[in-house]
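J.: Return atomic coordinates for the entry below.
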Amino acid sequence: MKTNLLTNAIPEGKLPAVQNALKYLFNQSDIEDIQLLTGGLSSALVYRITIAGKDYLLRIVMRADEVHDPQRQHICMGLAASANIAPHVYYSNDEDALAITDFVQNKPVREGFASGEDLITALGSTIKTIHELPLFPKLVNFLDGVDTFIQQFKSLNMFPGHVTAEHFSLYAEIQKVYPRYDTDLVSSHNDLNPNNILFDGKKIWAIDWEAAFQNDRYVDLAIVAQTFVHNQEEEFIFLQTYFGEELDEYKKARFFLMQQICRMYYAMIMLKLAAAQKPADHLHDPDMNQPNMPEFGAMLMSGKILLDTYEGKLQYGKILLNTMLSAMKSERFKVAIDMMRVF
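T.: Prediction:
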């Protein structure tokens, strides 16, 4: 019966590799329990497995290509684990595209800190530690990658052109001035959304290193801030934790622009995924009158909308575009653009 647990849960083509990994680690392939973990947008299959009363995490890359490269993922994950940022890695195999790590019993991260200031300070310190790791492998230039996603979205013709014309017109100002080919690169996770930030009651862990590669340091900062940094005071604390005395107006401006780049990045991904999930004979609703980001977050938390549905992805993509547009119509945007032109 224990063997059936494994054979019933693991795709047939991956089963021998999983059995070999378990035999290598535990001298057996029998397990006590297995549970498929859902909720993220990764293409990998992720399981919690129980052996000898202990939980482990089994991650299987199902689509191996340049973007979903098991070797790069395992290198980045291993470096992070060696610095006690990612859970301990017991086993990884590039050819079989799987890894077994410690399983983190996640607790609400906000409840683990006495104040919001303590939380964003801890997050800023975590990002700084990631960026101090030995340099991750290369993949793509981030802004070039975002440009590709934009072109892919435009080719889908989801909405009439006038719906997003202002978004792309203002975003073009960032494309002109942001130093996309800056050689000051760091080891970057590139997807530190709440699903990939775990808290065990004592410390923060970063998981799912699928998108990790050497990148602009402002990407991780901007992505974390999207969820956890809500005002100017918190932004100052967050950035000062990371930069210390080196924080200046240029860094603040560059961070602000990267926030808009990352909103565009996630919006394009969400809308592309929504298009792929669209019900047959269904027309995309072009209405951009949507809840704001905090309201949408509350809807997700309450279960009123699910991000793994067509409607959830479509709405989230629109909200990201709206949030970006509002920021790009602000005086701070004009100041940041002018500062990039000078530097």
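
J.: pLDDT value on F333, please?
T.: F333 carries a pLDDT score of 98 in this model.

J.: let's number from 5 now, not from 1
T.: All set: I'll call the first residue 5, so the last point we hit is now F337.

J.: In contact with it, which residues?
T.: By Cβ atoms under 8 Å, 6 or more residues apart in numbering, the contact set of F337 is 174, 177, 260-261, 264, 331. For the C-beta atoms, the positions are set from N, CA and C on the backbone; glycine is no exception.

J.: Take these and lay them out in CSV including secondary structure.
T.: Rendered in CSV, the data for the contacts of F337 read as follows (DSSP: H, G, I helix; E, B strand; the rest coil):
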residue, secondary structure
L174, helix
E177, helix
F260, helix
L261, helix
Q264, helix
A331, helix
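
J.: okay, the residues you listed in CSV with distance to E249, pLDDT and neighbour count next?
T.: As requested, the contacts of F337 are arranged in CSV below (distance: Cβ to Cβ, whole Å; pLDDT from 0 to 100; neighbours: other Cβ atoms under 10 Å):
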residue, distance to E249, pLDDT, neighbour count
L174, 33, 98, 17
E177, 30, 98, 18
F260, 20, 98, 22
L261, 22, 98, 25
Q264, 27, 98, 24
A331, 27, 97, 17
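
J.: With respect to H234, which of the residues you listed is nearest?
T.: Within the contacts of F337, distances to H234 taken as Cβ to Cβ reach their minimum at A331, with 13.4 Å.

J.: Apart from its neighbours in sequence, what residue is nearest the closest one?
T.: Q264 (5.7 Å; Cβ to Cβ, 6 or more residues apart in numbering).

J.: contacting residues around that neighbour?
T.: Q264 touches 175, 178, 328, 331-332, 337, counting by Cβ under 8 Å, 6+ apart.

J.: Could you tell me which of the residues you listed belong to helices?
T.: Members of the contacts of Q264 lying in helices (criterion: DSSP state H): 175, 178, 328, 331-332, 337.

J.: Distance-wise, check F217 relative to D195.
T.: Between F217 and D195 the computed distance is 11 Å (Cβ to Cβ, to the nearest Å).

J.: what's the answer for Y222, then?
T.: For Y222, the distance to D195 equals 15 Å [Cβ to Cβ].

J.: which one of the two has more residues nearby?
T.: Comparing Y222 with D195 by neighbour count (other Cβ atoms under 10 Å), the higher total belongs to Y222, at 25 against 22.

J.: does the residue nearest to that one when sequence neighbours are not counted sit in a helix, a strand or a coil?
T.: The shortest distance from Y222 to any non-neighbouring residue, by Cβ to Cβ, 6+ apart, is to M262 (3.8 Å). At M262, secondary structure determined by three-state DSSP is helix.

J.: mind listing what M262 touches?
T.: Taking Cβ under 8 Å, 6+ apart as the definition of contact, the neighbours of M262 are 182, 220, 222-223, 225-226.

J.: farthest pair in those?
T.: When these are compared pair by pair using Cβ to Cβ, the two farthest from each other are Y182 and L225, 14.4 Å apart.

J.: starting at the chain centroid, how far to the one helix or strand G321 maps to?
T.: Taking DSSP states H and E as the definition, one finds G321 inside helix 314-332. What separates the centre of helix 314-332 from the centre of its chain is 16 Å, taken as Cα atoms, centre = their mean, to the nearest Å.

J.: Quick one: list the elements packing against it.
T.: helix 165-181, helix 253-281, helix 297-306 (3 or more Cβ pairs under 8 Å, 6 or more residues apart in numbering; DSSP states H and E).

J.: on that earlier part again, from Q179, how far out is the residue nearest to A331?
T.: When distance is defined by Cβ to Cβ, Q264 is 11 Å away from Q179.

J.: now swap in L137 and tell me
T.: Counting by Cβ to Cβ, the gap between L137 and Q179 amounts to 29 Å.

J.: which element is Q156 on?
T.: Secondary structure assigned from DSSP H and E places Q156 in helix 146-160.

J.: Same check on L61?
T.: strand 58-64.

J.: What of N293?
T.: Using DSSP H and E, N293 is not contained in any helix or strand.

J.: Neighbours of it, how many?
T.: By the other Cβ under 10 Å criterion, the neighbourhood of N293 contains 6 residues.

J.: just to revisit the earlier point, so if I had to pick from Y182 and L225, which one is more boxed in?
T.: L225 (28 against 20).

J.: Tell me where the model's unsure across this protein.
T.: For the chain, residues meeting the criterion pLDDT under 70 lie at 5-7, 43-45.

J.: tell me the domain ranges of it?
T.: Per automatic domain parsing, the domain ranges recorded for the chain read 6-106, 113-346.

J.: Endpoints of the longest one, how far apart?
T.: The first and last residues of domain 113-346 sit 40 Å apart, counting by Cα to Cα, to the nearest Å.

J.: chain center to it, what's the gap?
T.: On the basis of Cα atoms, centre = their mean, the separation between the geometric centre of domain 113-346 and that of its chain is 9 Å.
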